[in-house]
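okay, predicted coordinates and the sequence, questions at the end:
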Amino acid sequence: MSKGSNRRVGAVRPSHLMFTAGVGSLVDLPNFSVLVRGLDAWSYSGITDYDIDEPRLRAAVNRSLQRYGRGQVEQLRAAPWLEGADSDPKGLAAQGVGVPVMPFPQWLRCTACNVLAGIDSGEFAFVNANPRAPHEAKFVHDCKQGKPLAVAARFTLVCTAGHLDEFPYTPYVHHGQACSKIQRPKLRMKDHGGNQAANVTIECVACGAKRNIREAMGERGRRHLPLCRGRHPHLGTYEPNGCEQASVLMVAGASNQWFPLTLSALALPKGQGGDIDKLLDDHWPDLQVIAERAQFDFMASMPKFGFLKEFDADAVVAAIAARKQGADEPAPSAPDVQADLFRPEWDALSGAVPPPSDDFALREVQVAAPLSELFSDIRQVERLREARALIGFTRLDAPDPESPEIGTRVELSRGAQNWVPASEVRGEGIFLRVRDDLMAAWAARMEKSPQMEAHREAYGRFRTNRRSDRKTSEFDPYHGWPGARYLALHTLSHLLIRTIALECGYSSASLAERIYAGDEKNPRAGVLLYTAVPDSEGTLGGLVSLAEEGEFDRIVRRALSDAEHCSADPLCSERLPHAPGDYLHGAACHVCLFVSETTCERGNRYLDRRFLVPLSGDKEQVLTPVDLLP
């Protein structure tokens, strides 16, 4: 909906609001662009079925938001929507149902006469005569050439603190001064075209002053821009004392204008962490006094707390101790919280097969030779549900698991909110557990190898080069190094994803991965390949069927065979990140290992074919897990 008019201007998928265009982002519509407003403006009036019940994810959101001193989140809410929006959009729009948006940038240019003015200037009119055709919504200019379309003037100002503002056209064309003729002069914007960046002239009709937008571009152009005013248009706020950061010119819709901060969790069966987390969330004031088994047994004997008898006593006591320890420690970053969510998922996927439920169903597959030499377990995940939550966003600097200090998180609301936006998808998958003895022996011998050391040193250079000058705290360039186990498992995952996409017709963008590599204290060696998309492609059974004994053996053989060669060899096979390079992959490229960004959990980093198969073009042969097979 557009601001103030309750007009329906478009539709997006729930997942789009999580990863592509959530709160604070710009959404390009056919005729203009809009900004998704903060949670304070969202309305759930008349909607009842919006709560996404996933206790583990809700607890993780609260742990992550502790870092920013936010209040307790009690709900994960799906986007507001009512059935019948397409059949009676005008009626629903009048109720305020939907995700609220506002036109942004709010400076428009007439496509006929080039007049440049703000929406509030009275020059333009909003037209949306057909509520069943929101794509026809537009602004028009009533000029001598009829009522031509008015489009958004695409320039904005952003800063590294996450602020977003309109470009100051009037002060800019007058070099920071007021117009010598009138207070609010009429402007014109003329695009001269060409292929040398932007070539746009701003002209004041009253005094004739002119200035090209190129003077504000690049490092040298920043001194021609005002300091950031500290504006958050999605919240309707300004920083009281402005912002200390310099403004940066950005074209509206640029890929770095919005980066989401999200957490995700799989719904687990009872007894695998989900129920205990919900128990602690619901009864924490009473249960936090428990420090040992005897106290638990005493409390469970009381009629008021008789429900405690349904839970494993030792597991609850351990969970209480872990939560109290976590409350005393510094609040974790979002990447650390996400890593904690993986632990109970690993236990559920690799442990005893639980009874099937609507959200989680496992079936064990017999691992016959020769796959038994590589995998100790292969399981069909016949049903799974993944919940995702949006906890904030950044601008200019993307959030990074390796460098959580990079990027300033922007709030989703002005005040404390007891909910955050979320979505859920259902799918299926294949879980693979690599033999523990095989992975441990290989990792022990490869951790100090020259090739692995080259990757580790490149990781340190990568973090050092990305370190912000604004950060003055202690800095460890090797903090968060994923290790040898992760590189091997991640490479195996990508090989299988690409082969599965070729074999069964799944697009690689419809697949996702979760790598369970653990750490030195809790070593794990597993991969979950799954579909989790909000349409029928995710639940048709095509992926699960590939885990059958004879079928999967052929897929693994083809994946490893294809990994031995790449069309970009020998350049690809000989690649190692030596100084001064800071790229985070070795023998890997778009031809052999890279997948879509939505599929990979680490942005196509930490990949190297030489750690799985011998490469003919490699100058130094590397020990692979296959070499350790009996």
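Great, that's in hand. As the structure is a prediction and not an experimental result, all values here were calculated from the model. Residues are numbered from 1 along each chain as shown.

tell me where the model's unsure across the stretch 51-200 of the chain.
Applying pLDDT under 70 to the stretch 51-200 of the chain flags the ranges 68-71, 84-96, 194-197.

mind running it again at 50?
Within the stretch 51-200 of the chain, the segments meeting pLDDT under 50 span 93.

okay, now the closest residue to R524 other than its chain neighbours: neighbour count?
In this structure, R524 finds its nearest non-sequential neighbour in G518, 3.6 Å apart by Cβ to Cβ, 6 or more residues apart in numbering. Every C-beta, even on glycine, is put in place using the N, C-alpha and C of the backbone. G518 has 19 neighbouring residues, counting by other Cβ atoms under 10 Å.

likewise for E83?
8.

now do stretch 603-611, average pLDDT.
For stretch 603-611, the mean pLDDT works out to 92.

got the CA coordinates for it in CSV?
C-alpha atoms of stretch 603-611 as CSV (Å, rounded to 0.1, in the frame of the first residue of the first chain):
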residue,chain,number,x,y,z
GLY,A,603,28.6,-17.0,-0.5
ASN,A,604,30.7,-19.4,-2.5
ARG,A,605,33.6,-19.2,-0.2
TYR,A,606,35.7,-22.0,1.3
LEU,A,607,35.7,-24.2,-1.7
ASP,A,608,38.6,-26.2,-3.2
ARG,A,609,38.3,-29.4,-5.4
ARG,A,610,41.9,-30.5,-4.5
PHE,A,611,40.7,-31.4,-1.0
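
picking up where we left off before, which residues touch the residue nearest to R524?
G518 makes contact with 346, 485, 524-525 under the criterion Cβ atoms under 8 Å, 6 or more residues apart in numbering.

looking at neighbours, which among those residues is most surrounded?
When neighbours are counted by other Cβ under 10 Å, A525 leads the contacts of G518 with 29 neighbours.

next one: that residue from P370, what distance?
18 Å (Cβ to Cβ, to the nearest Å).

ok, E382 next?
Noted for E382: a distance of 25 Å to P370, by Cβ to Cβ.

who's more crowded, those two?
Taking neighbours as other Cβ under 10 Å, E382 and P370 compare with E382 leading, 17 against 11.

so for that one, what's the pLDDT?
E382 carries a pLDDT value of 91.

check the one 5 residues further on too.
Per-residue confidence at A387 stands at 92 (pLDDT).

show me what secondary structure element comes after the helix or strand containing it.
Using DSSP states H and E, A387 maps to strand 375-394. As assigned by DSSP H and E, the chain's next helix or strand after strand 375-394 is strand 419-434.

mean pLDDT per helix and strand in the chain: which one sits at the bottom?
Ranking every helix and strand in the chain by mean pLDDT, DSSP states H and E puts helix 89-94 at the bottom, with a mean of 53.

quick check: angle from the longest helix that the chain contains to strand 419-434?
Counting residues, the longest helix in the chain under DSSP state H turns out to be helix 484-504. Between helix 484-504 and strand 419-434, the angle comes out at 90 degrees (axes from the mean of the first three to the mean of the last three Cα atoms, to 10 degrees).

in helix 484-504, what's buried?
Burial within helix 484-504, assessed by neighbour count using 16 or more other Cβ atoms under 10 Å, is assigned to 484-501, 503.

what about the residue lying farthest from the centre of the chain, which SS state?
In the chain, counting by Cα atoms, centre = their mean, K181 sits farthest out from the average C-alpha position, at 49.3 Å. At K181 the chain is in coil, as set by DSSP: H, G, I helix; E, B strand; the rest coil.

I'd say it and G208 touch.
No: using Cβ atoms under 8 Å, K181 is not in contact with G208, being 9.1 Å away.
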